[in-house]
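Enquirer: Quick one, structure for this:
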Amino acid sequence: MKNKRWSDLAVFIAVVLMTIIGCNAQQVVKIQFDSNKEVSGKKFAIRDISPGLPTNWDGYNFVVLEFRITTPQRFQVGFTTETGYNELRVMSYTPNGWNKLAIPLRFYRALPDAANDLAATYNQGRYTGWINLGGKRGPLKGVDSIGIRMNVPINNPSIELRSIALSVDDPGDVYLEDQPMFDEFGQWNKGTYEGKTKSLEQLRKEWNAEDNETVSTKAYNYSKFGGYLNAKVKATGFFRTEKINGRWWFVDPEGCLFLSVGVDCVGPGGGGNAINIDKRRNMYKELPPAGIGFNPEKPNSANFGTWNLFRRYGDDYPAKSKDLVVKRMDKWGLNTIANWSSSEVTALNKKAFMTQLRGLGTDGALMGLADIYAADYATKLDAACKSFVEPLRDNPWIIGYFVANEPAWLEQEDRLCQIILDGPERPIKNELNQFLTGNDTKERRKQFIYNTFRIFLETVNKTVKRYDPNHLNLGMRFGHVPAKEVQVICKDAFDVFSFNCYALVPPKEFMDQIMEGTGLPMIIGEFHFGTVDRGIAQSLWQVNSQQERGVAYRYYTEHAYSHPGLIGTAYFQWSDQDLSGRRDGENYNCGLVDVTDRPYKYQVEAMMETAKRLYDIHNGKTSPYNQEPVRARGHGAIPDLWNK
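Expert: Numbering: from 1, shown residues only. Down below sits the predicted model:
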């Protein structure tokens, strides 16, 4: 009898084990990405993981993926349909943790909704990850396989997928692990890396060492305003531009030649925001105590960066953290507080700064254009410009104003016109209808948008100069080099032509084209490099390590300033982006400072070395740093893996 009981138990255990193994074998698919390949991934039949899923996805609004990936590196997720292959990009907030991510199917079916700028158009935040739109779009019929691929994988990551489901309503995202994704300091809790703090005592030791350090700008030969003391021309009391011996320069208020070496989003406590906490509370080990780190205007949010500043300085953290920002800029050779930065820091009037105008009437429904034909447009614009720039009119620390950022309508003129025509009645629609009467062509549509843009720029520039003739119009921070017709429009409206340029190095031929087309000096409004070791996404341009971030910065920046027309750069950004995504989802490792308020050593050391060399590089006396980062890659389209 005893032997029979043991025999029955053995059979029962065997059956249970067979059932578990059978389920795993049927339901879990693992893809091992190969870091030796340019593109690595796999495509497999959906029936292999979710048998019975319909192939016609009409009527469904979400596809829900249950997966675990070992990296925050972006990966492509696509579906084969009867008409082709629809794809987009995903970044996970939960590396090394199982989660359910619900992806809206409209992102696979149709173009994104109109929005003011490129980021708002193509980035879509969720709760356990975020989505970047791109690739082919179309009907989701005959869906029979899923493809997952990654461009230049870092450190041989892998992904496991155990369920694909469809839903009519948004089921929300779910983090499925017991161990929180972020620790009490806002660090990645399910991974290890160089520089990860293990205790508050360790942090305080490093913080105190930095606070006790004495710094100056002598190594950079900077003037009071950040210009070069050894190169003086006529002083006007404000920033201006001048072309000397074929090379453009800023000139600071005291007459010193000036190259704007800046950073965007400068401010204390950045990069530690956590929003939509109620949708993912189990991702955070601990939240800041009431009153510390919370934005009163966003009660469903927290800020680990601010909490860490409170741990560092106590109740004095607001003032001391702003002073620390200036001290760090002095040490690192940074002379400009660039766009999107804290007004509390710029108001110190200790560093030159740039800012973006507000209230110009740009409209997301118009892809960043303004309805200049509205009867009250000029009146509203006048009031907005007066209130914004008049208080800054006599401030010598401000370099100038940006008009906008990465307008989304560029190269989408035909689509924008159709959006206007299909939209509600408004003055710009009436003007467009009249303009197209009897001759509705793509070229005519483009001409209407260009005409509208020209009037917008001329009106804004005239209005701003009326209330502040002392400072520069710094342009629109275009997301890419615009068409020559657009450059011509900008020529008479801007004092400086600005564009954002995420690349290994800014292309000389593009800068030559801008110089020839506009005759204006240039500034680069955004660029950056990041990696994946901290558990947040690798930025628009990825490198293999924190050391390589410094290499990439030097290579990019020094080559940029070797161009005779380039007079400014702004690295994006001061702190790492929000650990579980900012409003549009982005969570890039792109900061000079991490969530625990500690500098990235290799990055800032590289900035210091480059800052010492820029005057001679721009003068043509010194060659730029020529070591390329290893296998750095951008965020653009990647080589085809399925249809070679």
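Enquirer: tell me the SS of residue 164?
Expert: strand (DSSP: H, G, I helix; E, B strand; the rest coil).
Enquirer: And the closest residue to it other than its chain neighbours, what's its pLDDT?
Expert: Leaving aside its chain neighbours, residue 164 sits nearest to residue 50 (4.4 Å; criterion: CB to CB, 6 or more residues apart in numbering). The C-beta positions use only the backbone N, C-alpha and C, and glycine is treated the same way. In this prediction, residue 50 carries a pLDDT score of 96.
Enquirer: doesn't residue 165 make contact with residue 50?
Expert: Yes. The pair residue 50 and residue 165 qualifies as a contact (CB atoms under 8 Å) at a distance of 6.7 Å.
Enquirer: Neighbour count for those two, which is higher?
Expert: residue 50 (18 against 15; other CB atoms under 10 Å).
Enquirer: could you pull out the helices for the stretch 151-300 of the chain?
Expert: 200-211 (DSSP state H, counting those that start in this stretch).
Enquirer: chain center to stretch 583-595: distance?
Expert: The chain centroid and the centroid of stretch 583-595 are separated by 8 Å under CA atoms, centre = their mean, to the nearest Å.
Enquirer: for that stretch, which positions count as buried?
Expert: For stretch 583-595, the neighbour count (16 or more other CB atoms under 10 Å) marks 584, 585, 586, 587, 588, 589, 590, 591, 592, 593, 594, 595 as buried.
Enquirer: same deal with stretch 278-286?
Expert: In stretch 278-286, counting by 16+ other CB under 10 Å, buried: 279, 280, 283, 284.
Enquirer: Out of these, which comes closest to residue 439?
Expert: residue 279 (50.5 Å; CB to CB).
Enquirer: So which of the buried residues of stretch 278-286 is the closest to residue 236?
Expert: Using CB to CB, residue 284 comes nearest to residue 236 of the buried residues of stretch 278-286, at 51.6 Å.
Enquirer: and that closest one, what is it in contact with?
Expert: Residues in contact with residue 284 (CB atoms under 8 Å, 6 or more residues apart in numbering) are 180, 181, 182, 274, 277, 302.
Enquirer: so residue 415 sits right up against residue 111, yeah?
Expert: Yes. At 7.4 Å, residue 415 counts as touching residue 111 under the criterion of CB under 8 Å.
Enquirer: When the two are compared, which one has more neighbours?
Expert: residue 415 (15 against 12).
Enquirer: The more buried one sits in which helix or strand?
Expert: helix 413-422 (DSSP states H and E).
Enquirer: tell me the mean pLDDT over the following helix or strand past that helix?
Expert: Note on helix 413-422: by DSSP H and E, the next helix or strand toward the C-terminus is helix 427-436. The average pLDDT within helix 427-436 is 98.
Enquirer: In PDB, could you pull the C-alpha coordinates for helix 427-436?
Expert: Output of helix 427-436 as PDB, limited to C-alpha atoms (Å, rounded to 0.1, in the frame of the first residue of the first chain):
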ATOM      1  CA  PRO A 427     -10.000  81.900 -40.800                       C
ATOM      2  CA  ILE A 428      -7.000  79.800 -42.100                       C
ATOM      3  CA  LYS A 429      -9.500  77.400 -43.700                       C
ATOM      4  CA  ASN A 430     -11.300  80.200 -45.500                       C
ATOM      5  CA  GLU A 431      -8.000  81.600 -46.800                       C
ATOM      6  CA  LEU A 432      -6.800  78.200 -48.000                       C
ATOM      7  CA  ASN A 433     -10.100  77.600 -49.800                       C
ATOM      8  CA  GLN A 434      -9.800  80.900 -51.600                       C
ATOM      9  CA  PHE A 435      -6.100  80.300 -52.500                       C
ATOM     10  CA  LEU A 436      -6.800  76.900 -54.000                       C
END
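Enquirer: tell me the angle of it relative to helix 413-422?
Expert: 110 degrees (axes from the mean of the first three to the mean of the last three CA atoms, to 10 degrees).
Enquirer: ok, and what's touching helix 427-436?
Expert: Contacts for helix 427-436 (CB under 8 Å, 6+ apart): 366, 371-375, 417, 420-421, 423, 444-445, 448, 452.
Enquirer: Now with 7 Å, please.
Expert: 371, 373, 374, 417, 420, 421, 423, 444, 448 (CB atoms under 7 Å, 6 or more residues apart in numbering).
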